[in-house]
Each structure stands twice: as C-alpha cells, then as structure tokens.
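# I'll drop the sequence and a predicted model, then ask my questions.
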Amino acid sequence: MNIVIIAGLIITLLTGVPVLMQILKNHPRGLMILFFAEMWERFSYYGMRGILIFFLTQHFLFDDAMAGSTYGSYTSLVYLLPLVGGILADRYIGTRKAIAFGALLLVAGHGMMALEGRPATETLTYAGTAYDISAEGRGASREVAIVVNGQNYTFGPAEGGGIAVAGLPEGSTLPATLAPGSYEMTQTRDMGGVNIFYLALSLIIMGVGFLKPNISTIVGQLYPQGDPRRDSGFTLYYYGINLGAFWAAVLCGFLGQTVGWWAGFGLAGVGMALGWVVFVLGKPLLQGKGEPPNPELLKRPLIGPLNREWLIYILGVLGVGVVWFMVQRNALVGTVLGISTLLSLAAILWVIIGVCKTWAQRQRMMLALVLFFGAVVFFTLFEQAGTSLNLFADRNVDLTITPVAMQFLGITIGTPAQLAAAGITPSGFWIDATITAAQVQSFNAGFILIFAPIFAALWAWLASKKMDPNPTMKFGLGLVQVGLGFLVVVWAAGSGMVSPTFQMPLMILALLYMLHTTGELFLSPVGLSEITKLSMPSVVSFMMAVWFLASSIAQFVGGKIAGLMGTETVGGQVLDPQGALATSLDGFNKLGQWGVGIGVAFILISFLIKGWSHGANDAGNHPGPDLTDRGQEDRSVTHP
C-alpha cells in the first residue's frame, strides 16, 4: 500500500466527518449536492493537471518553454471560457442546465485524454551523424541515454556547457564532450496523438466554461444576502473542491507516473462521470435554484425546429473547434485574453456608472475590482504549482519520505530501493514509502482538508465578535503568505540545505505548500463569497466569471514565467541539475519578493477602503428587497 494513500485516508477521515456534520447541521441540503458534484469535477481537473506538465515534457518531449506556454494556454482558456458560460447561464439556460451540459463535455474530454498516442522520439545530430536518444519510464524511474553503435551511454552537463557522454569506447564516432552549438536536437512526434490531445483539452476547456462559474453561483443562491453562514458555507464548499483535488493528486498522480499516462488521465475521466451523476440525481435538493430565467423563451423555436437551448448546445460543441485552434497558439490566446480583459473592465465600468443606482452599490463594485487585481497577483504565484514547482519537485527535491527501510509495529516501511539495500523481502502487507513528483501536488489540497474547517470556524467566530478582518486585509495577508512560501525555499538553499546531488529536502517544499495553502484560505474562498455579495444581483454570474478571468490572466502569465525558469532537457530529462536549481531559486526569490511587497500594499490600503463593502458582510445592514430574474435573493435576512 502506498504511504501517501494511507496518509490520505487518515486525513480524510479526521477532517471529513466534522465537515459533513457542519453541512448537515447548519447548512442547506443543496450544499451537499454541490459539494460532491464539484468535488468530482475538481478530481478530474486536478488529476489531469497534476501530471500534464510531465506528460508534455516526457511523452511529447516539449522543452520547458513550450510545455509552459502550452500549459498556460490550456489553463488560461479554462478560466477564460467561464465569461461565456456565465453570460449564457444568466440570460438563457440557467445555471443548472449549464452545469449539466459542461459536465458532459468534461467527461468526453477527460476520457479522450486516456488516448495518449505513441511517445515522441528524440535524435542528437553531430557532424552529420544522427544518434537516437533512448528514454524509458516516467518520473523518478525514467532512464535516458544516448545510443552509439547499438549501446546506451549515460550523459550529463559538460564543464562550460554542452554534453558530456560517459563511458564511450576509444575511437567512438561521437566525442565524449559535445560543445554548445556543435550538436542539434530534433524531436519526432505522433501528430495524430498530438491532435487528439489538443481536442481533449478543447473539450475540457469548453466544459469548464459552462460548469465552473455557475456551480459557485448556485452555492451563493442557497443563502439569502446577509446570511452569516455564507462565508462558512463557501469555505466548506471549498473543502469539497480540495477533497477532489487531494485524491486526484494522490491517485491520478500515482497511476500516471507508475502505471501509465493513460491510467492517470482515464481515472480523472471516471471521476468527472461520477460528478455528473451526483449533480443530476441531486436536482430536488437545489430548492429550484439555477433554473432558466425565462423557460418559455428558451423553448420557443428560433431557427426552424431548433429552440434557443439546443442552439446553445450545438454552438457549444462547434466552439470546441475554435478552442482547438486557439489552444495550440499561445500568442493568440494572449491577444484574446487581453481583449477579454479590456471588454470585461469596460462592462464593469458601465455597470458602475450606468446600472448602479447608489454610491454604496458603486463602491461595492469598485471593491470587487480591487479584489480582482489581488487575485491576479496571488494566482500568478500560486499556480506555479502545476509548472515550475512541479518540475522543481521532479528535478531538485529529494522525494524520499523514509531515510532507510524500517519496521514499525511489525509492518515493513520503505521504498523498493531501500528494501533491496537492506536485504528485506517483504511478505504480506507492507507500506511503500514512494512518493512521485505528481503526488506532491496533494500537499496543498491535503493542507486545505486540515485547515478549511478551522478557518470556517475562525471566520464565524471573528464575525460573531465583530473582529472579522475586511476582505482587502485578508487578501493582503494571503499575498504575503504566498510570497513567503517561495522565500522559504530560497532561504533554506542559502542555509546549506542542498545535497551534493543538488536536491533539497521534501520538508522544505511541504512548508512552501503549507504557506501557500494558508494564504489561499485567506483569499480564495473569501473572494468567491465576496463576489456574490458585492456584485449587482443582475450580473452576479458575469462577475463570478470575471473572478475566474483573474485566474485566466494569472495562468497565462504564470506559464510565461515558468518558461523563463526552464532549463535544457534531453529525452525529457534535465541535463544540468545544478543549473536547474540555480534558475529555480532565482525565479522563486523574485516571485517571493513581489508577493510580499504587493501583500503589504494591500494591507495598508485596506484601512482606507474598508468601508466600501457598505454592510455586505453584515447580516443586519444589507439593503435590497427584490428577487432578480434568476431568483437571486438580495435582501437582509433580518429585514425581509
């Protein structure tokens, strides 16, 4: 049994029971359905995301810059498409139908990811002669060599740059040292497999566009405006998100790097199918929330026998082709993202000037914009987890949990290599202490499972004592913590915590993820809740989509940053671990300083704009008696 799986079971049992008790005792029953539906959706997304950068660099042999830009294009579009899905749900099909349609697209996309195609091959050409690169395995078990006259030879960095090949016989046609620029690396890829991969990504992107903004909106609809349970409800819902993310990293990460890419991606698709089933069967518990604003208009034929609902579904499927074209072109994604950002800001400005009727409404919308900017900065740093931090874990972190094989309560614990070194042949049940680089992604979600119930209770207690920090202050504290996470790694390296093989202890990376997690709990669930409270009721789904636009911008910029922190690879294996470590530490230092600096700025301005919420977080002082066209309640629970 894998040690990470055992730890996961313990953490889930210890933290999951209190969460379920809070939901069943204090919250609407519909939260349970949304909790499990989103849990499985996040299982599918993070299961694929956790192994994606390794799939790109080891299966398709993309270099770090190309892998970073591809990852950035994908994740950027994942968070950009909710702009469309939010508007269509607001105006036509309602949030419930949008979620169900998006889930089906996600099932198709994740299922297609299991069709991985043939691995790419790489060739080194020197003095007109081509030499194949042999690459076998995945993750820590990957072995890469240069084939010369039918024999495999290991290689490493040469002094002053280039490649040094070990053990070549005298008179070999390939010299032992290849100077920089004297050789050329070329890759040959299965283009059928590449195109299927991009089509799968496109289905996932479109599916998330319909699902992601709308499921969070229904969570907000379950609580009347001003209901003090809302922040707690969103934090518990956030626990469900991370329960799915945690087990995705543990299981999909383990299968993807030990059994095969197809197994990790395929399990992610199974999780999404379960999410769709839970959501469809749980419709009665949603209290009628999320239905179309005008059912008769939606059913009325528009083009021949086609009504608006089916036309939206057909256009959504056809739009997958447009996304397929875009996801392969990072520069085009950047252009579309820039235009979308400008249009969204213009729309928000129009709402502030022309739609808002009172100064309180305008300042609430302006506060939402401030939080939007904070989210862009935070997630640019935080989402390095899927790219630069994932590669850092694979290349420059000692992933050993146990120092040597050991016996505990009669149970053998250790990695297969440690057992072999100790001469132990396990019989019966034993614990495999192996952790893959992809499974390290479970640290963030695991810390969420531990801390989310504590933070939910903390915010409720502080609110009861009228000591709850304002949202801008919480954002500033979150930004400081995500910056400190990077700086901890830099400081540890400067303190001599680097091995002769240029690897750092797993404990340091765990500390980084803990600080990122506590920062996330200060910012992300609070941001989700604040958007539903600060936004004008008629544009709440659109504003939720704008909230995810912040993540889209962050993903695109983060992919570029990850590419700049990349290093040379051969056969999907880093050539110079020392150089890779130095490049990562330099990047982490800059990211950390920016995070802390902007976080301090947010803390300072929080004292100036803390009144902009105008009672949005106060159960007894939130105005507005009306129901919107989507049934969104906008009224204080104390003054109905």
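Done, it's in.
# C-alpha from now on. contacts and neighbour counts both.
Fine.
# tell me which residues in the least confident helix or strand in the chain by mean pLDDT are buried?
Least confident helix or strand of the chain, by mean pLDDT, DSSP states H and E, is strand 406-408 with a mean of 77. Neighbour counts over strand 406-408 (16 or more other C-alpha atoms under 10 Å) mark Met406 as buried.
# And for stretch 155-175?
Quick answer for stretch 155-175 (16+ other C-alpha under 10 Å): Phe155, Gly156, Pro157, Ala158, Gly162, Ile163, Ala164, Val165, Leu168, Leu174.
# Same question for stretch 445-464.
445-453, 455-457, 459-460, 463.
# Please narrow those residues to those residing in helices.
445-453, 455-457, 459-460, 463 (DSSP state H).
# Could I get the phi/psi values of Glu143?
phi -120, psi 130 (degrees, to the nearest 10).
# wait, isn't it in contact with Glu136?
Yes. Between Glu143 and Glu136 there is a contact under C-alpha atoms under 8 Å: 5.3 Å.
# For Lys474, what is the enclosing helix or strand?
Assessed by DSSP states H and E, Lys474 sits inside helix 471-494.
# Provide the strand pairings for the very next helix or strand once past that helix, with the direction of each partner.
Next helix or strand after helix 471-494 toward the C-terminus (DSSP H and E): strand 504-505. Partners of strand 504-505 in the sheet, by DSSP bridges, are strand 397-398 (parallel).
# what pLDDT, on average, does the partner strand get?
Mean pLDDT, strand 397-398: 90.
# roughly how far is that strand from the heart of the chain?
22 Å (C-alpha atoms, centre = their mean, to the nearest Å).
# swap in stretch 44-62?
On C-alpha atoms, centre = their mean, the centre of stretch 44-62 falls 12 Å from that of its chain.
# How about stretch 512-524?
13 Å.
# Give me the contact list for that stretch.
With C-alpha atoms under 8 Å, 6 or more residues apart in numbering as the test, stretch 512-524 has contacts from 375, 382, 443-445, 447-448, 451-452, 455, 474-475, 477-482, 484-486, 488-489.
# Next: stretch 166-173.
So stretch 166-173 is in contact with Tyr153, Thr154, Phe155, Gly156, Pro175, Ala176, going by C-alpha under 8 Å, 6+ apart.
# One more pass at 6 Å, please.
By C-alpha atoms under 6 Å, 6 or more residues apart in numbering, the residues outside stretch 166-173 that reach it are Thr154, Phe155.
# do the same with stretch 266-275
Ala37, Trp40, Glu41, Ser44, Gly47, Val107, His110, Gly111, Ala114.
# picking up where we left off before, quick one: the buried residues of stretch 155-175 as a markdown table, columns for pLDDT, secondary structure and distance to Trp350 too.
Converted to a markdown table, those look like this (pLDDT from 0 to 100; DSSP: H, G, I helix; E, B strand; the rest coil; distance: C-alpha to C-alpha, whole Å):
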| residue | pLDDT | secondary structure | distance to Trp350 |
| --- | --- | --- | --- |
| Phe155 | 89 | strand | 60 |
| Gly156 | 87 | strand | 58 |
| Pro157 | 88 | strand | 57 |
| Ala158 | 86 | coil | 60 |
| Gly162 | 88 | coil | 56 |
| Ile163 | 90 | strand | 58 |
| Ala164 | 90 | strand | 62 |
| Val165 | 90 | strand | 63 |
| Leu168 | 90 | coil | 70 |
| Leu174 | 90 | coil | 67 |
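# Looking at the residues you listed, which is nearest Phe602?
Pro157 (44.1 Å; C-alpha to C-alpha).
# Give the full set of residues in contact with the closest one.
Ile163, Ala164, Leu575, Asp576.
# what do you get for Glu136?
Counted by C-alpha under 6 Å, 6+ apart, Glu136 has contacts Arg142, Glu143.
# try 10 Å this time
By C-alpha atoms under 10 Å, 6 or more residues apart in numbering, Glu136 lies in contact with Gln58, Pro119, Arg142, Glu143, Val144, Ala145, Gly571.
# which of the residues you listed tops the neighbour count?
Neighbour counts for the contacts of Glu136 (other C-alpha atoms under 10 Å) peak at Gly571, which has 29 neighbours.
# who's in contact with the residue nearest to Asp190 when sequence neighbours are not counted?
Spatially, and ignoring its direct neighbours in sequence, Asp190 is nearest to Arg118 (5.8 Å; C-alpha to C-alpha, 6 or more residues apart in numbering). By C-alpha under 10 Å, 6+ apart, the residues touching Arg118 are His59, Phe60, Arg189, Asp190, Met191, Gly192, Gly193, Val194.
# gap between the nearest residue to Val539 once chain neighbours are set aside and Gly527?
Distances taken as C-alpha to C-alpha, 6+ apart place Asp90 nearest to Val539, at 7.7 Å, with adjacent residues excluded. Plainly put, Asp90 is 20 Å away from Gly527 if you go by C-alpha to C-alpha, to the nearest Å.
# can you check Ala445 too?
Ala445 is 18 Å from Gly527, by C-alpha to C-alpha.
# next one: Phe246
In this view, Phe246 and Gly527 are 21 Å apart by C-alpha to C-alpha.
# Check Leu515 too.
18 Å.
# Looking only at neighbour counts, state which of those two leads.
Gly527 (26 against 22).
# Quick check: which ranges of the stretch 101-250 of the chain have low pLDDT?
225, 231 (pLDDT under 70).
# So which residues of it form strands?
121-126, 129-136, 143-148, 151-153, 155-157, 163-165, 177-178, 183-188 (DSSP state E, counting those that start in this stretch).
# Output the longest helix belonging to the chain.
helix 577-609.
# So which other helices or strands are in contact with it?
On a contact count with 3 or more C-alpha pairs under 10 Å, 6 or more residues apart in numbering; DSSP states H and E, helix 577-609 meets strand 155-157, helix 359-382, helix 388-396, helix 471-494, helix 540-564.
# rerun that using 8 Å as the cut-off
helix 359-382, helix 388-396, helix 471-494 (3 or more C-alpha pairs under 8 Å, 6 or more residues apart in numbering; DSSP states H and E).
# in that helix, what's buried?
Quick answer for helix 577-609 (16+ other C-alpha under 10 Å): 577-582, 584-585, 587-589, 591-596, 598-600, 602-603, 606, 609.
# my guess is Leu80 contacts Phe542, does it?
No. Judged on C-alpha under 8 Å, Leu80 makes no contact with Phe542 at a distance of 11.7 Å.
# Overlap in contacts, these two.
Common neighbours of Leu80 and Phe542, counting by C-alpha under 8 Å, 6+ apart, are absent.
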